[in-house]
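**Q** my questions concern the predicted model and sequence given below.
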Amino acid sequence: MRSPTQGGHAGPPLLEYNPAPMSESESKPTPVTSIRELSRHIGQSVELRGWIDNKRSSGKIAFLQVRVTGGTVQAVAGRKDVSEKDWEDIERVTQESTVRVTGTVKEDKRAPSGVEIQCSGFEVLSLTQDYPITPKEHGTAFLMEHRHLWLRSSRQRSALRVRSEVEQAIRDFFYERDLTLIDSPILTPAACEGTSTLFETDYFGDKAYLSQSGQLYLEPAAAALGKVYCFGPTFRAEKSKTRRHLMEFWMVEPEVAFLEFAGLCDLAQEFVGYLVARVLDRSREELKILERDTSKLEAVVPPFPRITYTEAVKILNEKGNPIQWGDDFGGDEETILASQLDRPVMVTKFPASFKAFYMQPDPENPDVVLGLDLLAPEGYGEIIGGSQRIHDPDLLLRRIQQHNLPIEAFQWYLDVRKYGAFPHSGFGMGIERFVAWMTGLTHLRETIPYPRMLYKIYP
RNA sequence: UCCUCGGUAGCUCAACGGUAGAGCGUUCGGCUGUUAACCGAAAUGUUGGGGGUUCGAAUCCCUCCCGAGGAGCCA
């Protein structure tokens, strides 16, 4: 069933857009659209359309790398095997031209994918001239200016396929556990957490803001549906200029009724373990192209070590870091903590002073809150942040006042406690940071098709 | 917003006070199993903009623009 050229997983059969021809047209080549289909047509005549990734030719034989769904397939054309007109097309075809190839599918060890097409016909559908991205190296500034074309390169395709696999795995994980997907709004009337800078826009004469988190909208939905999650883009107008920040990024946030802190830590751990295993299972080919050291990911198996913030400060001081109890972690502190082990580290119970207003105080020590951060190894930093939420209406009101937030804007949020209060917890995970960790990419800009970065929004 | 580094051919870079260079890409020629193919030849420049120092500036100085890396903040 599985063939090395399928490059994929043993999932359900994929939808075929081009069914095999009826017997009366057996002599005509079968149209194929993806590399996976090829292995089912060994020895048969096929036709495929795609783009020229690269071409190598001598006077009498040409090797054309044709990009189709799922990868690149080599077409081999001998001068005598095709018509004079087709050979002229092969001679003049350029990188990224669109072509139609007909020929016989053959297994051959010399072909990069193990399977190639022995050409019997070739046609240039659209001739490309002066394609900007050549097979040699380019700087990232140039590549980002041509992001719409850079997507065609194998590393970028692989990164985006890993992203797609991660997103599918997220949906599967929550679907299997009976969480309902709640799409939270992107246009919002006020700041969710009152901390980070928001993008402002005009809403028929009023101000509106692009959402920085769906969490507050998720909590009322948890009262309606019990276990819920949202998954969508979020926006931060912080003028952050680092490899770990984007202005627009995707976040997945579960919120579960009657889930308390210990259960939340278990959920976050199980979630990350599931996603890593899934990527290792189904994205091997992509990780190979990206030259990811998968042994690092194979070590990521729950349970993950858990330490409290107070213990973390102690460890940091022992390592010579001057952090004091009450200070938030910066990049240096995260890196020291996360590089202790080959698994993610869960840091819990932070001082209330630098955490969000809605976090539940620890009943054993009201100076700290029941929040958790999950720090990924290899310097990928915080990938998950979550907490148990305050469910006592009076305490929540006090916290809103202490943080100088406008109470009017939070009336609906307070209603969640007024009408049937319930303990609940949730976390948020940034997709790009997770995908960067999986792929081994050092910069978030390559983990999203069209990154939005400080002062840069083209293309 | 702050700090550091950079901007030379379509791309990646060299030349660092004295005639502007290479590789890749492009064009032309050669090659029947290439793997970023290879071999030979050719074309390609207001050295980011403006101002200054100098007999002479890609090179030194000022300024603006653009980019890269980092900090803070965070996911």
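**A** Received the coordinates, thanks.

**Q** which residue packs closest to the residue nearest to the spatial centre of chain A, ignoring adjacent ones?
**A** The centre of chain A sits closest to residue A:163, judged by C-alpha atoms, centre = their mean, with a distance of 3.3 Å. Computed as C-beta to C-beta, 6 or more residues apart in numbering, the closest residue to residue A:163 that is not its neighbour in sequence is residue A:435, at 4.8 Å. Placement of C-beta: from N, CA and C, glycine included.

**Q** whichever strand or helix holds that neighbour vs RNA strand B: in contact?
**A** For residue A:435, the enclosing helix or strand under DSSP states H and E is helix A:431-439. Yes. Judged by C-beta under 7 Å from any atom of the strand, helix A:431-439 comes into contact with RNA strand B at A:432, A:433.

**Q** chain center to that helix: distance?
**A** What separates the centre of helix A:431-439 from the centre of its chain is 6 Å, taken as C-alpha atoms, centre = their mean, to the nearest Å.

**Q** and the nearest residue to residue A:412 once chain neighbours are set aside, what does it touch?
**A** Nearest residue to residue A:412, sequence neighbours excluded (C-beta to C-beta, 6+ apart): residue A:220, at 7.2 Å. Under the criterion of C-beta atoms under 8 Å, 6 or more residues apart in numbering, the neighbours of residue A:220 are A:412, A:413, A:415, A:416.

**Q** and the next helix or strand past the helix or strand harbouring residue A:220?
**A** In this structure, residue A:220 sits in helix A:215-225 according to DSSP H and E. Counting by DSSP H and E, the next helix or strand C-terminal to helix A:215-225 is strand A:227-235.

**Q** what is that next one packed up against?
**A** Judged by 3 or more C-beta pairs under 8 Å, 6 or more residues apart in numbering; DSSP states H and E, strand A:227-235 is in contact with helix A:154-176, strand A:180-181, helix A:215-225, strand A:248-257.

**Q** which strands border the shortest one, and is each parallel or antiparallel?
**A** If I follow you right, that is strand A:180-181. Strand pairing for strand A:180-181, using DSSP bridges, gives strand A:227-235 (parallel).

**Q** distance from the chain centre to the partner strand, please.
**A** Distance of strand A:227-235 from its chain centroid, counting by C-alpha atoms, centre = their mean, is 14 Å.

**Q** quick one: the helices in the stretch 251-400 of chain A?
**A** Secondary structure of the stretch 251-400 of chain A (DSSP state H, counting those that start in this stretch): helices at A:261-282, A:284-289, A:294-298, A:309-318, A:331-338, A:393-402.

**Q** so can I have TSV of the ones you listed showing distance to residue A:50, mean pLDDT and mean neighbour count?
**A** Converted to TSV, the helices of the stretch 251-400 of chain A look like this (distance: least, C-beta to C-beta, whole Å; pLDDT from 0 to 100; neighbours: other C-beta atoms under 10 Å):
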stretch	distance to residue A:50	mean pLDDT	mean neighbour count
helix A:261-282	23	97	19
helix A:284-289	18	92	18
helix A:294-298	29	94	14
helix A:309-318	52	92	16
helix A:331-338	42	86	18
helix A:393-402	57	93	15
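
**Q** out of those helices, nearest to residue A:240?
**A** Residue A:240 sits nearest to helix A:331-338 of all the helices of the stretch 251-400 of chain A, at 11.7 Å, using C-beta to C-beta.

**Q** and residue A:243, which helix or strand is it part of?
**A** Assigned by DSSP H and E, residue A:243 falls within no helix or strand.

**Q** pLDDT score for it?
**A** What the model reports as pLDDT for residue A:243 is 87.

**Q** can you give me the end-to-end span of stretch A:100-116?
**A** Start and end residues of stretch A:100-116 are separated by 15 Å (C-alpha to C-alpha, to the nearest Å).

**Q** what of stretch A:60-78?
**A** Stretch A:60-78 has an end-to-end distance of 6 Å (criterion: C-alpha to C-alpha).

**Q** ok, stretch A:123-141 next?
**A** 35 Å.

**Q** now it: buried residues?
**A** Of all the residues in stretch A:123-141, those buried under the rule 16 or more other C-beta atoms under 10 Å are A:123, A:124.

**Q** run the chain-centre distance for it.
**A** Worked out by C-alpha atoms, centre = their mean, stretch A:123-141 lies 26 Å from the chain centre.

**Q** residue A:333 is in contact with residue A:323, isn't it?
**A** Yes. Assessed by C-beta atoms under 8 Å, residue A:333 is found in contact with residue A:323 at 5.8 Å.

**Q** now do the shared contacts for the two.
**A** Common contacts of residue A:333 and residue A:323, defined by C-beta under 8 Å, 6+ apart, comprise residue A:316.
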